[in-house]
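> need a structure here:
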Amino acid sequence: ASSSTWCSSRSIGSCWSEDALVWAEAYESFDAQQKEKLFLVAIPHDIRDTHEVAKIQSLIPWARVIPISGVLVESYRDFDLAFVGGGYKTGLHSIVEPALWGLPVACGPLTSAQIECSRLQELGSLSVIENAQALQDFMKKIFNAPELKKLQTTALEAKAALMKDLGATRRLVELLKNLS
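The predicted model follows:
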């Protein structure tokens, strides 16, 4: 599709109101054409917390907020970028789920709990977003379809690298069995 007809779908998985606030602040700087191109789906982390879900909806009323629970791996399938929540509040939620779909992943700065973060950053498929200004800069760059395609290609390469690593535990167990 040409950049004039290109539509961009994003997902905020395991979203907290802190994540929605960063998106709301960044959204203010987008021009009308960028706002029109953006299709954002937010999946709240805790759908039982109706106050939190309502707060997310009020912060990003232009987004579709979908209260589903459980593993989000299937929900990432139809998007072209995933923003994983928790990186501004409690610590990042699973970045592996969207990465295994070959999606570029962005998140807030609280990444220390996941060893996969440094690996995906090295591979170029994870962008750590410190604040709303950084999200504005990141989104303005990838509103350009060729830039997003470049990032998606990098993410597919990262997925291949992750897939190679998935069998590491099984291989280690076999190695230990052979040593005894």
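
> Could you give the separation of the longest helix seen in the chain from the chain centroid?
Criterion DSSP state H: the longest helix present in the chain is helix 145-165. The chain centroid and the centroid of helix 145-165 are separated by 13 Å under Cα atoms, centre = their mean, to the nearest Å.

> ok, now which ones touch residue 60?
20, 23, 24, 27, 40, 42 (Cβ atoms under 8 Å, 6 or more residues apart in numbering). The C-beta positions use only the backbone N, C-alpha and C, and glycine is treated the same way.

> by contact count, what packs against the longest helix of the chain?
The contact analysis (3 or more Cβ pairs under 8 Å, 6 or more residues apart in numbering; DSSP states H and E) places helix 145-165 against helix 96-99, helix 115-123, helix 132-142.

> so where's this structure shaky on pLDDT?
Where the chain drops to pLDDT under 70, the residues are 1-8, 70-71, 167-173, 180.

> hmm, 50 instead?
1-7 (pLDDT under 50).

> could you pull out the helices for it?
Ranges of helices in the chain, per DSSP H, are 17-27, 32-37, 50-59, 96-99, 115-123, 132-142, 145-165, 168-179.
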